[in-house]
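Engineer: Okay, structure incoming, though there's no sequence with it:
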């Protein structure tokens, strides 16, 4: 009678996985704010829609409120093709504005 010996399966190779904590120390430095115009009357204000839900409605409300304070401002509405990135030709149009407001509608 022969004894059967079963072979043990090889042990799996152990790997190290690094886990990074997405945490940064709070900075005490404060970036300077961009210069603001004293008035936006006569200026071109761009409204940049990022295609998220309700972005258009939010920008329309912002435009309505700004128009009350700056009735001589010109508003231009732009809509990105998608949330990520901006097409170079659209960026060129947006850059022609004196000020730009963008909105996340979600």
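Structural biologist: Sure thing, it's come through. All figures in this text were calculated on a predicted structure; none of them were measured in a lab.

Engineer: Longest helix in the chain, please.
Structural biologist: helix 55-69 (DSSP state H).

Engineer: What residues of that one count as buried?
Structural biologist: Within helix 55-69, the residues scored as buried using 16 or more other CB atoms under 10 Å are 55-56, 58-59, 66. C-betas here are computed from N, CA, C, even on glycine.

Engineer: What of stretch 37-49?
Structural biologist: 40, 45-49.

Engineer: Would you mind putting those residues into CSV with distance to residue 86 and pLDDT alongside?
Structural biologist: Output for these, formatted as CSV (distance: CB to CB, whole Å; pLDDT from 0 to 100):
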residue, distance to residue 86, pLDDT
40, 23, 95
45, 17, 97
46, 12, 97
47, 14, 97
48, 8, 96
49, 11, 93
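
Engineer: What segments of this protein are strands?
Structural biologist: Taking DSSP state E, the strands of the chain run over residues 44-49, 74-79, 99-103.

Engineer: Any idea which of these gets closest to residue 93?
Structural biologist: Ranking the strands of the chain by proximity to residue 93 (CB to CB) places strand 74-79 first, at 6.4 Å.

Engineer: what's the angle from that closest one to strand 44-49?
Structural biologist: Interaxial angle, strand 74-79 versus strand 44-49 (axes from the mean of the first three to the mean of the last three CA atoms, to 10 degrees): 20 degrees.

Engineer: What mean pLDDT does strand 74-79 get?
Structural biologist: When pLDDT is averaged along strand 74-79, the result is 96.

Engineer: ok, now stretch 98-105?
Structural biologist: 87.

Engineer: Now it: buried residues?
Structural biologist: By neighbour count on 16+ other CB under 10 Å, the buried set for stretch 98-105 is 102-103.

Engineer: tell me how far it is from the chain's mean position?
Structural biologist: Averaging C-alpha positions (CA atoms, centre = their mean, to the nearest Å) puts stretch 98-105 11 Å from its chain's average.

Engineer: And for stretch 10-19?
Structural biologist: Counting by CA atoms, centre = their mean, stretch 10-19 is centred 37 Å from the centre of its parent chain.
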